[in-house]
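here is a sequence with its predicted model. Questions after.
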Amino acid sequence: MFSVFRNAWKVKDLRMKLFYMLFVLLIVRLGTHVPVPGVSMDKFGLNGNEEMSLFMLMTGGSIGSIFAMGIGPYITSSIIMQLLTVAIPKLEQLKKEGEEGRKKINQATRVVAVALALLQGAGQIYTIKGAGMFVNPGWFVYITALVAMVTGTIFIMWLGEKLTECGIGNGSSFIIFANIIAGLPAGVERLYLYATTGDFAGAMAWIVIALILCVFVFIVGFVILVQDGERRIPVQYSKKMAGRTVFGGQSSFIPIKVNIAGVMSIIFAISLLQFPQTIQNMFGVTWLSEVVTILDIQHPIGAIIYIVLIFCFTFFYTSFAFNPIEVAENMKKSGGFIPGIRPGKPTSEFIQGVVDRISLIGACFYAIIAIIPVAMGWVFSGFNVGFGGTTLLIVTGVALEIVKQLESQLLMRHYKGFLS
């Protein structure tokens, strides 16, 4: 990995892209320290508790900043549009129209993201108001703060698209990656304070630190192992005669990745579990407090519901992301077939069976990754490092994407050196 970065740094074009990426990420990090108009500087960035949720890590962890919502509304909008593309025939037709259709879908995604930012920003303004962070409370101040937060989200959305165009890989993923990494020093500090002043302070302090670090190293290694895991279904193409020339006859395969759903299943599960708490914070519904307590993933019942939701959403998202019927039809049109399986419906049923088994393995993988930090909180009472399995999935996935993008671009520029 380090050799890839070293070789990329020697290429001027890639070096400029890396500089551009670092510059954009610096702007994003600086924006998380700029408070919205009307917020008291003395209370700026106060989280209300020491626990940082997945949302706080993804947005940088600064409540009341102009970038407080981060890229979150755009990510949610992208997920919604992906699901609607499958459910609405007109959107599905736009997707098949190529570049023009993709531009229209992207424009609709931006509009939905702005609408979500308005709703989410209103909720955050209500939370900031309840925390007494405004200097001169009033409707004009609230509206000004909301406009500033929505504008900040739109600006980050634009920066993410610029990163995608001029940088290396997906710009939105890099912004989330930077915000998560920014919270790492605070997590390490909390880990050190827990080990030195908590229940295991003293002689056991460094043993506890080493044990926890080993667990996280195991999680990262496990993520890397499964991230590239795939099931390859062999495909044989029949030979065709065109005059005196024979075409086809080659062998190929259909790669089905273990993590088709990615982290979306975990994000969906967390969003559903946190929905009652969001309603309680926005509207002050007191009777939801018991429900919120039970649905907390640190609660045994909440943890069980969390795992069940991960399994459900893994199969749900996979059904949208991968269509075995369409794959079987495309194979039949191009003269391809799976050895031992008849073309048409038997092929789609066979592929569906493979996808279901792979999805089950992926769901088990996501559940293990998501529940290990929770279990560590049970074993080490009061333990909270500030990030968990989901953030490790995101960080590891983005890091692997950076390396693969650099390797592919280096290969295009120096393919002779790689093949010699």
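Okay, I see it. Small disclaimer: the values here were computed from a predicted structure and weren't measured. Residues are numbered from 1 along each chain as shown.

can you give me the strands in the stretch 251-400 of the chain?
Per DSSP state E, counting those that start in this stretch, the stretch 251-400 of the chain carries strands over the ranges 251-257, 336-337.

present those as CSV; the columns should include distance to residue 287 and mean pLDDT.
To be clear about C-beta, it is placed using only N, CA and C from the backbone, and glycine gets the same treatment. Formatted as CSV, the strands of the stretch 251-400 of the chain follow (distance: least, CB to CB, whole Å; pLDDT from 0 to 100):
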stretch, distance to residue 287, mean pLDDT
strand 251-257, 43, 83
strand 336-337, 58, 82
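
most tightly surrounded among the ones you listed?
Each of those was scored by mean neighbour count; the highest is strand 336-337, a mean of 20, by mean count of other CB atoms under 10 Å.

and it, what other elements does it pack with?
Using 3 or more CB pairs under 8 Å, 6 or more residues apart in numbering; DSSP states H and E, the elements in contact with strand 336-337 are strand 230-237.

turn the strands of the stretch 251-400 of the chain into TSV, columns for distance to residue 12.
Formatted as TSV, the strands of the stretch 251-400 of the chain follow (distance: least, CB to CB, whole Å):
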stretch	distance to residue 12
strand 251-257	34
strand 336-337	43
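
between the ones you listed, which one is closest to residue 142.
Smallest distance to residue 142 across the strands of the stretch 251-400 of the chain (CB to CB): 45.4 Å, for strand 251-257.

can you give me the angle the closest one makes with strand 230-237?
Strand 251-257 and strand 230-237 are oriented at 150 degrees to each other (axes from the mean of the first three to the mean of the last three CA atoms, to 10 degrees).

from the chain's centre, how far out does strand 251-257 sit?
Mean-position distance between strand 251-257 and its chain equals 25 Å (CA atoms, centre = their mean, to the nearest Å).

skip ahead from the helix or strand in which residue 160 is found and say which helix or strand is next.
Assigned by DSSP states H and E, residue 160 belongs to helix 139-166. Using DSSP H and E, the helix or strand that follows helix 139-166 in sequence is helix 171-182.

report all helices and strands that that next one contacts.
helix 12-31, helix 54-59, helix 72-87, helix 139-166, helix 389-413.

and the third one, which residues are buried?
Judged by neighbour count using 16 or more other CB atoms under 10 Å, the buried positions of helix 72-87 are 72-79, 81-85.

cool, the last one as well?
Judged by neighbour count using 16+ other CB under 10 Å, the buried positions of helix 389-413 are 389-399, 401-403, 405-406, 409-410.

cool, and the longest one?
Buried positions in helix 139-166, judged by neighbour count with 16+ other CB under 10 Å: 141-142, 145-146, 148-150, 152-154, 156-157, 159-160, 163.

no more questions from me, cheers.
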